[in-house]
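K.L.:
coords below, sequence missing:
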DNA sequence: CTGTTAGCGCGTTCAA
DNA sequence: TTGAACGCGCTAACAG
């Protein structure tokens, strides 16, 4: 069964396609009332819906936005996605989803595929591989296509893109300062891949807080993970010999892995070692020992990104940089350090 | 900056657009070798990529599939989505994502939006509201549009759609039989919304297992939840007075809520009450008391759905019904019942 | 008030 | 071996 087109309607109504188009697009001030009625009735009856490909081809507007994220099965990203989708849908935009799997080549490929689809704009969370020249490669591709873009989780003032993120440096600074206030001095840190600035910012916040409190920075206390559960777990065997009294994990999933490994070693959290996370995903509240962590408003960040993008699309607002303030959630995985 | 079109290439090469089109579509057997070279070179140099709107308009193929799910922030669904996206991307298909928020009207709206976008096919997980006549409404809309569709989590032989699901009846049957083997007789059940067949199937499996073992079915032991953490939590206060010795939760999230409420009441899992889940999402392994549960291969189910759909699109395979076998994961939240 | 004409970017006859 | 012409479904000048 083939869809009804304006041509069908025009035939049925005995008018030209122009008239139909005019009526159906609300530009019918100059069309006779009876024709207006007639056409609308027929359109309704024949269940007419405009073909968006055809409209897009002409108007160069598709009401479609692209989303590239590293991994939709990661709850932090899926929460962001929800925020984006909800907002976009409310504004009658469709969302094309692409996973980059933290792979730069796939990211580039996705950007190209999305451009080919004539998306109106893009929201992207860069892959972990996309930093330095690779990040620039992605960005310049977007610039060449002059594609309205909002970047999440990557503050970037120099290029002409809107960004949405939290203040990462401040976030981990807050976390470390809190741990220091608990008398901790040997604070280990399990980081994400130390390429993207978001991640190095977090490490820098850690370092700054130590400096501020005149605690020496020890490289041996740093473990570079990859944001996955397993890497948090693995970190423990290399960190433990350094005898940390607290461990800051730069996302919650790694904190879960670390806690698991600690438990297997018979080490109690928080009595023996304090552990902090970063993100505050839902499950952190319901852990055996609810996780102290830095909260990022994932849903809101997604929503805000969508809002910025659609604003840009509809009224060409200049790039904005939204920085959310991190919020520290003190739960039960952290505790005052008491030398034994 | 505007994209380069075949016209641009034709001009640059001094040939007609037909020639360009022929070459770029691999139908260049009849084109002179030098022109072939020339055109390909120019296309490369000018960074030509076909406009998919235009191609779609002609070919009626967009290489785009739609996905409608209740909620992308639910890890069970996001895992399915990952499976779909990975497979689709590998086959050069794009994915348009829509959340129905378990709302039938939104589901219908999404279907229409997706059809307007000329998607080639659809994968859908019905909203909790879409059962009975509402389910039929969604299905008949798809049929009228003759849109190739795969339905996940809803076995449905009568309509002409492919389906992917697990054997839900058997799944909960297995769970209950396992609990019975542990000497439990007062087994409560926290269900999902008892509209969609998937959910009533699960309840039926529970009932069948009781019957098989001559254990009376008691309505007071059933609580109808909504698959959310909070409803599992809420269930406990109404179920507890019935003194169950085991509780089967028809998804993991509700099991988490139930366990939380139990803990707050000073009731130990599994020593006082056994709890089983359903889904086996990642977090179930890392709970304080790792959750015994029925495992659904979410990623694989998504992948399989995408595979069925693309098979249908490329070679018009008849509808298939894939039923995965549930696997019981015995962890530590269940234990032999010992009367005290 | 309404129809004719001309494309949007591309694939595909049909002639030449 | 190639090009002109047509059309996918629709919008937008421009006439009338």
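P.N.:
That came through fine. If you're wondering where the values come from, they're calculated on a predicted model, not measured in any experiment. Numbers count the residues shown, from 1 in each chain, chains lettered A, B, ... in the order given.
K.L.:
all contacts plus neighbour counts: C-alpha atoms, from now on.
P.N.:
Fine.
K.L.:
what ranges of chain A fall below the confidence cut-off?
P.N.:
The model of chain A has pLDDT under 70 over residues A:1, A:28.
K.L.:
Okay, and the closest residue to chain B within it sits in which element?
P.N.:
For chain A and chain B, the shortest gap (Cα to the nearest Cα) falls at residue A:96, measuring 4.3 Å. If you go by DSSP states H and E, residue A:96 is part of strand A:94-99.
K.L.:
That strand vs strand B:94-99, what angle?
P.N.:
Interaxial angle, strand A:94-99 versus strand B:94-99 (axes from the mean of the first three to the mean of the last three Cα atoms, to 10 degrees): 120 degrees.
K.L.:
Strand A:94-99 pairs with which strands?
P.N.:
Partner strands for strand A:94-99, per DSSP bridges, with pairing direction: strand A:64-69 (parallel), strand B:94-99 (antiparallel).
K.L.:
buried ones in the helix or strand following the last one?
P.N.:
Spelled out, it's strand B:94-99. Going down the chain from strand B:94-99, the next helix or strand is helix B:104-116, by DSSP H and E. Within helix B:104-116, the residues that count as buried by 16 or more other Cα atoms under 10 Å in any protein chain shown are B:104-108, B:110-115.
K.L.:
isn't there a helix covering residue A:139?
P.N.:
Yes - counting by DSSP: H, G, I helix; E, B strand; the rest coil, residue A:139 is found in a helix.
K.L.:
Just give the number of residues close to it.
P.N.:
21 (other Cα atoms under 10 Å in any protein chain shown).
K.L.:
same thing with residue A:211?
P.N.:
When neighbours are counted by other Cα under 10 Å, residue A:211 comes out with 12.
K.L.:
Could you do residue A:145 as well?
P.N.:
When neighbours are counted by other Cα under 10 Å, residue A:145 registers 15.
K.L.:
what does residue A:14 give?
P.N.:
Each residue near residue A:14 was counted by other Cα under 10 Å, and the total is 11.
K.L.:
That one and residue A:38, how far apart?
P.N.:
Taking Cα to Cα, to the nearest Å as the measure, residue A:14 and residue A:38 are separated by 10 Å.
K.L.:
same thing with residue A:181?
P.N.:
Taken as Cα to Cα, the span from residue A:181 to residue A:38 is 75 Å.
K.L.:
Next, the contact list for residue A:72, please.
P.N.:
For residue A:72, the contacting residues are A:78, A:81, A:99, B:78-79, B:81-82, by Cα atoms under 8 Å, 6 or more residues apart in numbering or on different chains.
K.L.:
Remind me what the helix or strand residue A:204 falls within packs against, helices and strands.
P.N.:
Using DSSP H and E, residue A:204 sits in helix A:197-212. If you count contacts as 3 or more Cα pairs under 8 Å, 6 or more residues apart in numbering or on different chains; DSSP states H and E, helix A:197-212 packs onto helix A:168-181, strand A:187-191.
K.L.:
redo that, cut-off 7 Å
P.N.:
helix A:168-181 (3 or more Cα pairs under 7 Å, 6 or more residues apart in numbering or on different chains; DSSP states H and E).
K.L.:
now for the helix it packs on, which elements pack on it?
P.N.:
Contacts defined by 3+ Cα pairs under 7 Å, 6+ apart place helix A:168-181 against helix A:197-212.
K.L.:
following the helix it packs on, which helix or strand comes up?
P.N.:
Next along from helix A:197-212, by DSSP H and E: strand A:222-224.
K.L.:
Do any residues in the following helix or strand past that following strand lie close to chain B?
P.N.:
Next helix or strand after strand A:222-224 toward the C-terminus (DSSP H and E): helix A:229-239. No - Helix A:229-239 is not in contact with chain B by Cα under 7 Å from any Cα of the partner chain; minimum separation 10.1 Å.
K.L.:
Other residues contacting helix A:229-239?
P.N.:
The set of residues external to helix A:229-239 that reach it, using Cα atoms under 7 Å, 6 or more residues apart in numbering or on different chains, is A:190, A:221, A:223, A:225, A:253-258, A:260-262.
K.L.:
do that again at 10 Å, thanks
P.N.:
A:188-192, A:220-226, A:242, A:247, A:249-262, A:265 (Cα atoms under 10 Å, 6 or more residues apart in numbering or on different chains).
K.L.:
Quick one: distance of it to the chain centre.
P.N.:
In terms of Cα atoms, centre = their mean, to the nearest Å, the centre of helix A:229-239 is set 25 Å apart from its chain centre.
K.L.:
likewise stretch A:147-159?
P.N.:
With Cα atoms, centre = their mean, you get 12 Å for stretch A:147-159.
K.L.:
What are the buried residues along that stretch?
P.N.:
For stretch A:147-159, by 16+ other Cα under 10 Å, it's A:147-156.
K.L.:
what would these look like in TSV with distance to residue B:143 and secondary structure?
P.N.:
Converted to TSV, these look like this (distance: Cα to Cα, whole Å; DSSP: H, G, I helix; E, B strand; the rest coil):
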residue	distance to residue B:143	secondary structure
A:147	36	coil
A:148	37	coil
A:149	37	strand
A:150	38	strand
A:151	39	strand
A:152	39	strand
A:153	42	coil
A:154	44	coil
A:155	47	coil
A:156	48	coil
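K.L.:
Select the longest helix from chain A.
P.N.:
Secondary structure of chain A read by DSSP state H shows that its longest helix is helix A:298-315.
K.L.:
gap between residue A:78 and residue A:119?
P.N.:
Residue A:78 is 21 Å from residue A:119, where distance means Cα to Cα.
K.L.:
Distance check, the residue of the stretch 1-150 of chain A found nearest DNA strand D against residue B:114.
P.N.:
Taking Cα to the nearest atom of the strand as the measure, the stretch 1-150 of chain A has residue A:5 as its residue closest to DNA strand D, at 3.2 Å. Residue A:5 sits 17 Å away from residue B:114, going by Cα to Cα.
K.L.:
Can you tell me which residues in the stretch 151-300 of chain A are near DNA strand D?
P.N.:
By Cα under 7 Å from any atom of the strand, no residue of the stretch 151-300 of chain A approaches DNA strand D.
K.L.:
Can you name the residues of the stretch 151-300 of chain A that neighbour chain B?
P.N.:
A:253, A:256-257, A:259-260, A:283, A:286-289, A:299 (Cα under 10 Å from any Cα of the partner chain).
K.L.:
Sort out for me which of those residues are in strands.
P.N.:
Cross-referencing those against strands under DSSP state E gives no overlap.
K.L.:
Can you tell me which of those residues are buried?
P.N.:
Buried among these by 16+ other Cα under 10 Å: A:253, A:256-257, A:259-260, A:283, A:287, A:289, A:299.
K.L.:
Which one of the residues you listed is nearest to residue A:306?
P.N.:
For those, the minimum distance to residue A:306 (Cα to Cα) is 10.8 Å, reached by residue A:299.
K.L.:
from memory the closest one sits against residue A:164, does it?
P.N.:
No - using Cα atoms under 10 Å, residue A:299 makes no contact with residue A:164, being 11.9 Å away.
K.L.:
Find the residues that touch each one of these two.
P.N.:
Residues touching both residue A:299 and residue A:164 (Cα under 10 Å, 6+ apart) are residue A:305.
K.L.:
and the closest residue in space to residue A:60 that isn't next to it in sequence, how many neighbours?
P.N.:
Nearest residue to residue A:60, sequence neighbours excluded (Cα to Cα, 6 or more residues apart in numbering or on different chains): residue A:118, at 7.6 Å. For residue A:118, the neighbour count with other Cα under 10 Å is 23.
K.L.:
cool, and residue A:130?
P.N.:
By the measure other Cα under 10 Å, the count of residues near residue A:130 is 22.
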